[in-house]
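# Any chance you could fold what I've pasted below:
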Amino acid sequence: MKRYLQSLAAKQAPAGRVALVLVVAALCGCGGGQYGGTLIIESAPEAGAIVVINGEPRGQTPLTIDGLPVGRILIQVTKEGYRDAMTNAVVPERGREQRVVIDMHPRTGWLSIDSQPDRARVVLGDGTELGTTPILRRSVPAGEISYTVELENYEPFSGTITIHEDLLASISHKLEPKPARLEVTSEPERAQVIVNKKLQDAVTPATLSLRPGTYVVGLKVKGFVEAERSIELGPNDQETMHFELNVGEAPPGMVLVAGGEFICGVNNAAPDERPQRKVHLDAFFIDKYEVTNEQYQAVVPAHTFPKGEENHPVTGITFQLATAYASAIGKRLPIELEWEKAARGTDGRAYPWGNEFDRKNCNSQSSAALELREVGQYPGGNSPYGCADMAGNAMEWTSSWYEAYPGNPDVTKDYGQIYKVLRGGSYTSEPFDVRCARRHFDRMDVARKDYGFRCVMDIEAWDAKNRR
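So this is what the prediction gives:
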């Protein structure tokens, strides 16, 4: 059409030429009032959106257009990651300028994220901090996003997840703790290191990398008494354990309790536990574990027990039966003061592991097990000398009569040579009754379901045995 009109204009008489040129100019956009001024189109918060005007693509924001027809137009903008937006605008008259800013909203979904442990910091790949876990239904950009979960002393976790528009995505992470570093030293050096009953390929001084948890660390060197202690390691802990090994050897399955003073009794608990005082005891050996069904059956073949309970404490045992077993293997029952020192060490602690009750450290009523467990299942509860299960599991006979401590003015009909003392509480006991200083008592002929025992051996008896 345009070419046709131009050709026709060239053939017209000069008089009609001006009018025809004006028509052509108008149709060609070369003049006339129907074409407007400058239109500037911008998008926020980001540029680079594709602009479509009245259905025709025109470029990307920021976009400046001249020569559009005056009047109302429909502007559409699109950009990846954002919702499409549109608006009506008016093209200004020639010589004027109109600016149009179109707000664009990100395409978003929802994200919930938690972690074990919680309070971990969550950061998106673009650096946006979402906060600390647990994070519930947080608005995030739609599409594939990367994120990192960080917590002090734990390995950071990085991942990606696809977020769908207007939908909720939920994820959970169990963070990997950084290993703990444990340095083990000893006097003498070059002692073999044993961790949770497993011999390590290391001798002292040694540095071990261990996952967080509770460990029983032991040392073994020829000519010295094997020693062990428990330790609880947290994520990324840096700890040191030093052992002073005693010359000599201990009977198999026993530990040495060094001679010297210890704090006995308690002033502010049960009346029969006072007065608190210091008591000196000579060194002795004591069983690391309570006597088990399997050990008892080896001496008393008539003893029976359920299959699978070989390493459970032998229970339902009277004082007389416990005494007979100990005598048969060249040992004896401990006096209650020996038992207490082996359980609490020399610092007067309330429990074998410290002064605060911790249900993770013993098999008692508070642990909710309400049944006997295999010996040695609570290494965090080991005593300073390495004795296991001296709180809870089986209540243990001693050879002592239930009598008043020296300096205790209380008078009770139960004192005297009537009852024998039991120590340690059992799996049925409350925290108060599994304390190291707690005294229980019963008749010698009573055999209850939670009555067991462990044995001691005098140093002289062991030396005499080794000289034979």
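# end-to-end on stretch 359-374?
Using CA to CA, to the nearest Å, the end-to-end distance of stretch 359-374 comes to 16 Å.
# Okay, buried residues for it please.
In terms of neighbour count (16 or more other CB atoms under 10 Å), stretch 359-374 has its buried residues at 359, 361, 362, 363, 364, 365, 366, 367, 369, 372, 373, 374. Using the backbone N, CA and C atoms, a C-beta is placed for each residue, glycine as well.
# Would you indicate which residues of stretch 298-315 are buried?
Of the residues in stretch 298-315, those with enough neighbours to count as buried (16+ other CB under 10 Å) are 303, 305, 311, 312, 313, 314, 315.
# Quick check: mean pLDDT of that stretch?
What stretch 298-315 shows for mean pLDDT is 96.
# same question, stretch 336-355
On average, stretch 336-355 scores 97.
# re earlier: among the buried residues of stretch 298-315, give me the pair with the biggest separation.
303 and 311 (14.3 Å; CB to CB).
# hmm, back to that, narrow the buried residues of stretch 298-315 to those in helices?
Secondary structure assignment by DSSP state H places none of the buried residues of stretch 298-315 in helices.
# Show me the strands in the stretch 351-468 of the chain, by range?
Ranges of strands in the stretch 351-468 of the chain, per DSSP state E, counting those that start in this stretch, are 395-401, 420-423, 439-442, 451-452, 456-458.
# Following element in sequence after the helix or strand of the chain with the lowest mean pLDDT, please.
Every helix and strand in the chain was compared by mean pLDDT, DSSP states H and E; the lowest is helix 14-28, with a mean of 35. Next helix or strand after helix 14-28 toward the C-terminus (DSSP states H and E): strand 38-44.
# Give me the contact list for stretch 183-196.
Contacts to stretch 183-196, defined as CB atoms under 8 Å, 6 or more residues apart in numbering, come from residues 199-200, 202-208, 210, 215-221, 224, 228, 239-245, 379.
# 7 Å instead?
Around stretch 183-196, the neighbours that count as contacts under CB atoms under 7 Å, 6 or more residues apart in numbering are 199-200, 202-208, 215-221, 240-245, 379.
# if we can go back for a sec, any chance of the strands of the stretch 351-468 of the chain in CSV, with mean pLDDT, distance to residue 262 and mean neighbour count too?
Formatted as CSV, the strands of the stretch 351-468 of the chain follow (pLDDT from 0 to 100; distance: least, CB to CB, whole Å; neighbours: other CB atoms under 10 Å):
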stretch, mean pLDDT, distance to residue 262, mean neighbour count
strand 395-401, 98, 16, 24
strand 420-423, 98, 14, 26
strand 439-442, 98, 16, 19
strand 451-452, 98, 24, 26
strand 456-458, 97, 15, 19
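# Nearest approach to residue 103 belongs to which of those?
Among the strands of the stretch 351-468 of the chain, if distance is taken as CB to CB, the winner is strand 395-401, at 76.0 Å.
# strand partners of that closest one, parallel vs antiparallel please.
strand 420-423 (antiparallel), strand 451-452 (parallel) (DSSP bridges).
# Same list (these) but as JSON lines, adding distance to residue 184.
Below are these laid out as JSON lines (distance: least, CB to CB, whole Å):
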{"stretch": "strand 420-423", "distance to residue 184": "31"}
{"stretch": "strand 451-452", "distance to residue 184": "32"}
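# quick one: which of those strands is nearest residue 153?
strand 420-423 (38.7 Å).
# quick one: the closest one to chain centroid distance?
Strand 420-423 has its C-alpha centroid displaced from the chain centroid by 38 Å (CA atoms, centre = their mean, to the nearest Å).
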